[in-house]
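*Asks:* Curious how this folds, go ahead:
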Amino acid sequence: MNWIALSLHAPFVLPRDMPLKRPRHRRRGLLLGLLPGLLLGLLGGRTLASPCPDWPAPQARIELAALTDQLAVWDQAYHSQGLSLVADPIYDQARARLEQWRDCFAPGMAPGPDPLASNAAQLAQPSSQALEHPVSHTGLSKLADNAAVQAWINTRRALWIQPKVDGVAVSLVYQDGILQQVISRGDGRRGQDWSANASRIPAIPQQLTDQHGPLVLQGELYWRLPGHIQATAGSAGARGRVAGLLARQSLDAEEAAGIGLFVWAWPNGPARMQERLDGLRALGFAESADFSQPITTFQQAAQWRERWYRSALPFASDGVVLRQGERPAGRRWQPQPPHWAAAWKYPLTQALAEVRSVQFQIGRRGRITPVLNLAPLQLDGRRIQRVSLGSLQHWRELDIRPGDQLALSLAGLVIPQVDSVVWRTRARAPLAVPIAADYHALSCWQPTPGCAAQFHARLTWLSGRQGLALGGIGPGTWDKLLEAQQLPDLLAWLHLSASQLRTVPGFGAHRAEQLERRFAQARQRPFADWLRALGLPPSGAAPLGPDWHELAQRKAADWQHQPGIGPGRAAQLQAFFQHPQVLALREQLRTARIEGF
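*Replies:* Next up, the predicted model:
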């Protein structure tokens, strides 16, 4: 690990009075600027527990500045255009990554100036002025895991649970039942005046009946998604869509109708939660009551969380909110996570992944598959350490190197896939990239330099179920024989005796005798099995017999007359039986008296 204090040329983007909102538990720099010591609790510890990069001081300075610049680009687009250039979970993790690196290389560093603060203020003029919230928005801390949730519940009473609606937070200010202001969350103390656009949104009542004096509500403006299932559809960019619409000069009727409102706080309402919910329903905010449930145990909380995660809801949600029914009066609220409410997020469906190394795997037919080795991460409950890029061309398009940071998701909820390169390390490590033209279906029949991977793949295929089905012989066995230099070609194992095998490190007497028996049994395998084990191209329903001589006499046109074989496959089959390396293997098998050769 590297713990080097250093100064940075680029300022860090930290606190800001935001005209738009990021998640309350890790909002764009707000909590980091106001309460740096709270970060460990907000992130659940796992991110900060990651090993520090092994960078010398100059590289650390460059990499931290680069990530800071990247965050500034995202913030600029978000503030000025209402555009989310990166998914919210990825932004949150990138912000946490920056703080982790700062702890590694510049512990104790004070937050730097905010280069976007003045820009954000300019964006608010002249169309809107920053307004002070009548009651501060508190935000939410994030409970890291089941144990943290259990502990939180065990120390509180009269608890409720709600979906954590994925939208943009606002204050609604009424006077004598008339809507006066709609204020964006901003930094929790002050936000932007969104009243003009809000007046066009049908979900926001412009007048409440039988109300006297001031009334302040806090809630979430969300994009309506009827029948939305979070577990399968994710957040679908819903938050960014609402933020973008509200950042415009005006809304048309159709856009405004697509925005809903979920009220989650009545700061100066009745003391008890049920009374507040009944009051909100009477005011016309029935959705709050419909999606609020009393709980007493962790099991109940977990059941509601799972239900809302996998059931159809009218909005996107990124977790649940646990609330204590009784809480202090609104005048005591501060723009920081309170003790009476917390968020329990859903499993990540997209994660920020750090590339540790890049491998180029070569299959038995010469296909090159880049595989990325990652810093271990959890994604939707699965531990991910490797991801395939599928093809060399895909790798060339992305140009991924060690140190790059990727957005990762699960295809079909199972297979990890790279969605995008989030940002690139400034130190572009050189890689030994295979030349695609050097590898094909008839290359690498010996473990010569550059051929180790494809030759190993040929051996693994040969002993597998699709080849000779040599039970108990797999990649590990071939590894040991190759390391002992016992396999100069694909069939050298046929002639290894038990006494020779006992000299191989890792093989005892019993294992050596077992291998000798397996190798002897391979001699009895049918001719067609041997052909497939050697790598015969797929031959459809064509008969493979009676012997090598008959098949080797076939021309491409003869193969093409067989069912299921087109011109390309016919040419591959003819080339296989004429290739010098394959003919040499055939001679070895003929000498060994293998049937058909």
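*Asks:* mind listing what Ala286 touches?
*Replies:* Residues near Ala286 by Cβ atoms under 8 Å, 6 or more residues apart in numbering: Leu280. Quick note: C-beta positions are derived from backbone N, CA and C, even for glycine.
*Asks:* how about a cut-off of 10 Å?
*Replies:* By Cβ atoms under 10 Å, 6 or more residues apart in numbering, Ala286 lies in contact with Val263, Leu277, Leu280.
*Asks:* Val414 now?
*Replies:* Contacts of Val414 by Cβ under 10 Å, 6+ apart are Asp380, Arg382.
*Asks:* That one and Gly139: what is the separation?
*Replies:* Distance of Val414 to Gly139, computed by Cβ to Cβ, to the nearest Å: 34 Å.
*Asks:* can you give me the strands for the stretch 151-300 of the chain?
*Replies:* In the stretch 151-300 of the chain, the strands defined using DSSP state E, counting those that start in this stretch lie at 159-165, 168-175, 178-184, 190-192, 214-223, 228-229, 259-265, 293-295.
*Asks:* Please point out which parts of the fifth one sit buried.
*Replies:* Going by neighbour count (16 or more other Cβ atoms under 10 Å), the buried part of strand 214-223 is Leu215, Val216, Leu217, Gln218, Gly219, Glu220, Leu221, Tyr222, Trp223.
*Asks:* isn't the fifth one right up against Ser288?
*Replies:* Yes - under the contact definition of Cβ atoms under 10 Å, Gly219 touches Ser288, with a separation of 7.8 Å.
*Asks:* what sits in contact with each of the two?
*Replies:* Taking Cβ under 10 Å, 6+ apart as the contact rule, the neighbours common to Gly219 and Ser288 are Leu261, Phe262, Val263, Trp264, Ala265, Trp266, Leu280.
*Asks:* and which of those residues is nearest Phe576?
*Replies:* Phe576 lies nearest to Phe262 out of the shared contacts of Gly219 and Ser288, by Cβ to Cβ, at 65.0 Å.
*Asks:* What's the local residue count around that closest one?
*Replies:* The tally of other residues near Phe262 (other Cβ atoms under 10 Å) stands at 22.
*Asks:* before we move on, what about Ala520?
*Replies:* There are 10 residues near Ala520, going by other Cβ under 10 Å.
*Asks:* Kindly provide the whole-number mean pLDDT of the helix or strand containing it.
*Replies:* Assigned by DSSP states H and E, Ala520 falls within helix 509-522. Confidence for helix 509-522, expressed as mean pLDDT, is 95.
*Asks:* residues in contact with it?
*Replies:* With contact meaning Cβ under 10 Å, 6+ apart, helix 509-522 is reached by 462-463, 467-473, 477, 480-481, 491, 493-504, 507-508, 529-530, 533, 592, 594.
*Asks:* on that earlier part again, can I have the buried ones of the shared contacts of Gly219 and Ser288 as a PyMOL selection?
*Replies:* Selection of buried members from the shared contacts of Gly219 and Ser288 for PyMOL, criterion 16+ other Cβ under 10 Å:
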select buried, resi 261+262+263+264+265+266+280
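*Asks:* just to revisit the earlier point, on contacts alone, who are the packing partners of whichever helix or strand comes after the helix holding Ala520?
*Replies:* Using DSSP H and E, the helix or strand that follows helix 509-522 towards the C-terminus is helix 527-534. Packing partners of helix 527-534 (3 or more Cβ pairs under 10 Å, 6 or more residues apart in numbering; DSSP states H and E): helix 452-463, helix 509-522, helix 548-552, helix 567-578, helix 580-591.
*Asks:* hey, least reliable of the strands of the stretch 151-300 of the chain by pLDDT?
*Replies:* Minimum mean pLDDT among the strands of the stretch 151-300 of the chain: strand 190-192, a mean of 91.
*Asks:* helices or strands up against that one?
*Replies:* strand 130-132, strand 168-175, strand 178-184.
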